[in-house]
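>>> I would like the atomic coordinates for the input below:
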Amino acid sequence: MNSHTNENRGLLPSIWLNRCNNIDDINENAGVFGAIKMITSVKNPKIQHIRALQSRSRIRREMGAFIVEGLRLAEEAFTSDWDVQFVIYTEDLKPNGQKLVDGFAERGVEVELVAPHVMQNASNTKSPQGVLLVLSTASITLPSKLDFVLVLDSLRDPGNLGTILRTAAAVGVDAVYIPPLTADPFAPKVVRAGMGAHFRIPIMHAAWGLIEQTIDQHDLQVYLSKAEGSQLYTEADFHQPVALVVGGEAFGFSERSQNISHQSLHIPMLNQVESLNAAVAAGIVLYEIYRQRDFGIQ
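Sure, this is the predicted structure:
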């Protein structure tokens, strides 16, 4: 065995292959490098753990972890220096994907090569992109001062929730609070719909007591966006510290959110349309807040 075998143990194939002088070196090292041992069983504990995180909100909360899949979100996690528990990948990963996995390994993250059928079993998508990360929610921290907060009350649709999170990130929301009865923001469909929002703004599960405490602590003016709101949304003054509460289309607002609100807002609609999609309504009001603040509109 060559002298470089032990020093290379644990490196990924694309790293240690460059250190091997010839095909004999590669063959000699192939049986001893931990990183190139392929997981071939769907009963592997790591795969079972991933499947539990993919399917059960309670497990995600108890374990403080969630899943991201695909190169784009993996790159977002890498760039944001998020706490990554471990990575699985397939050998057909494109060069830029392999380079990214190598980068995680160089940071000390555990990486595992898996067979294609194992990735398919672990994935929440029909066509896995060859890389899957298990991330820790411990990376989420709140800024010391909150000036622009979003509370999502009783939103059950993961697509709407993810879309709102994406918009919230685009307009510079300081934090998003997820009270009881709202869908899990770390569910796979929400993470995909968020398109990287999870890495740009803090998103927190929170009981109503904590939300009320935050409102008082940061002196936030609370607005509810609802079809029958008393004030036209463009007439509200959003220059002050604000918390916007958006409710679900099917379930509306909880009693707790209505109790903490200072004002309700409405968006005008024609042709006897009674309501807008929750993500659309949230986007309209969020961009009005952004418009007033960023452009100094009075």
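
>>> burial measure for Phe238, as a count.
Here the count is done by other CB atoms under 10 Å, and Phe238 has 21 residues near it. In short, each C-beta sits where N, CA and C put it, glycine included.

>>> same deal with Met38?
Using other CB under 10 Å, Met38 has 11 other residues around it.

>>> Arg192: what's it in contact with?
Taking CB atoms under 8 Å, 6 or more residues apart in numbering, we find Arg192 in contact with 69, 73, 125, 162.

>>> which stretches of the stretch 101-250 of the chain have low pLDDT?
Along the stretch 101-250 of the chain, segments meeting pLDDT under 70 span 250.

>>> quick one on the thing from earlier: spell out for me the ChimeraX command that would select the buried members of the contacts of Arg192.
Typed into ChimeraX, the next command selects the buried ones out of the contacts of Arg192 (criterion: 16 or more other CB atoms under 10 Å):
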select :69,73,162
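
>>> Can I get the contacts of Arg192 in TSV including distance to Ala187 and secondary structure?
Formatted as TSV, the contacts of Arg192 follow (distance: CB to CB, whole Å; DSSP: H, G, I helix; E, B strand; the rest coil):
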residue	distance to Ala187	secondary structure
Glu69	13	strand
Leu73	14	helix
Thr125	13	coil
Gly162	9	helix
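
>>> from the contacts of Arg192, which is closest to Ser57?
Using CB to CB, Gly162 comes nearest to Ser57 of the contacts of Arg192, at 14.7 Å.

>>> Relative to Ser275, how far out is that closest one?
Going from Gly162 to Ser275 by CB to CB, to the nearest Å gives 20 Å.

>>> Likewise for Pro179?
Distance of Pro179 to Ser275, computed by CB to CB: 21 Å.

>>> Give me the secondary structure label for the nearest residue to Glu91 once chain neighbours are set aside.
In space, and not counting its chain neighbours, Glu91 is closest to Leu113: 6.2 Å by CB to CB, 6 or more residues apart in numbering. On the three-state scheme (DSSP: H, G, I helix; E, B strand; the rest coil), Leu113 is labelled strand.

>>> try Met119
Put simply, Met119 is helix when judged by three-state DSSP.

>>> do the same with the one 5 residues further on
For Asn124, the secondary-structure state derived from three-state DSSP is coil.

>>> Same question for Gly247.
Gly247 ends up strand, using three-state DSSP.

>>> Output the contacting helices and strands for the helix or strand hosting Gln48.
Assigned by DSSP states H and E, Gln48 belongs to helix 45-55. With contacts defined as 3 or more CB pairs under 8 Å, 6 or more residues apart in numbering; DSSP states H and E, helix 45-55 has these neighbours: helix 57-63, strand 65-69, strand 84-89, helix 116-122, strand 131-136.

>>> So which bits of the first one are buried?
Of the residues in helix 57-63, those with enough neighbours to count as buried (16+ other CB under 10 Å) are 60, 63.

>>> Distance of the nearest residue in space to Phe199 that is not next to it in sequence relative to Tyr177?
Setting aside the residues directly before and after it, Phe199 is nearest to Ser80 in space (CB to CB, 6+ apart), at 4.2 Å. Distance, Ser80 to Tyr177, using CB to CB: 20 Å.

>>> Who has more neighbours out of those two?
With neighbours defined as other CB under 10 Å, Ser80 and Tyr177 compare such that Tyr177 has more, 26 against 13.

>>> which residues does that one contact?
Tyr177 neighbours (CB under 8 Å, 6+ apart): 149-152, 204, 206, 210-211, 214.

>>> Mark out where each domain of this structure begins and ends.
5-36, 45-139, 148-294 (automatic domain parsing).

>>> and the residue nearest the centre of the chain, which of the three is it?
In the chain, the centroid-proximal residue (CA atoms, centre = their mean) is His198; its distance is 3.3 Å. Three-state assignment for His198 (three-state DSSP): helix.

>>> Tell me which residues touch it, please.
Contact analysis of His198 by CB under 8 Å, 6+ apart lists 68, 165, 185-186, 191.

>>> Nice, that's everything, thank you.
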